[in-house]
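S.K.: coords please:
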Amino acid sequence: MTLQHCIVILVVVMSVAYVTYRVWKAVRKASDPCHGCPGCALKDLRKGVEKGMKPPCEGTLPPFEEKKE
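M.R.: This is a model prediction of the structure:
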């Protein structure tokens, strides 16, 4: 077996291992809509609502800005 064959086999094995890892990670986090994101305001709000807390008043959120064309 030549050096080129060894390198090709190594690259293929590493590619298969990476794809397997990413699929496993995606399946493991399938029930989480944020896919393991460490956090944001929406995730905190969702956690609060799941615990039975009321969402913040409308006045606490910044208003939407109109698009200027």
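
S.K.: what is the burial count for V23?
M.R.: V23 has 10 neighbours, counted by other C-beta atoms under 10 Å. For glycine as for every other residue, the C-beta is placed from the backbone atoms N, C-alpha and C.

S.K.: again, but for K29
M.R.: 13.

S.K.: next up, phi/psi of it, please.
M.R.: Main-chain torsions, K29, degrees, to the nearest 10: phi -100, psi 20.

S.K.: quick one: it from M1, how far?
M.R.: Using C-beta to C-beta, to the nearest Å, K29 is found at 39 Å from M1.

S.K.: before we move on, what about A26?
M.R.: 34 Å.

S.K.: higher neighbour count, the two?
M.R.: Between A26 and M1, A26 has the larger neighbour count (other C-beta under 10 Å), namely 11 against 6.

S.K.: report pLDDT for that one.
M.R.: Looking at A26, its pLDDT stands at 82.
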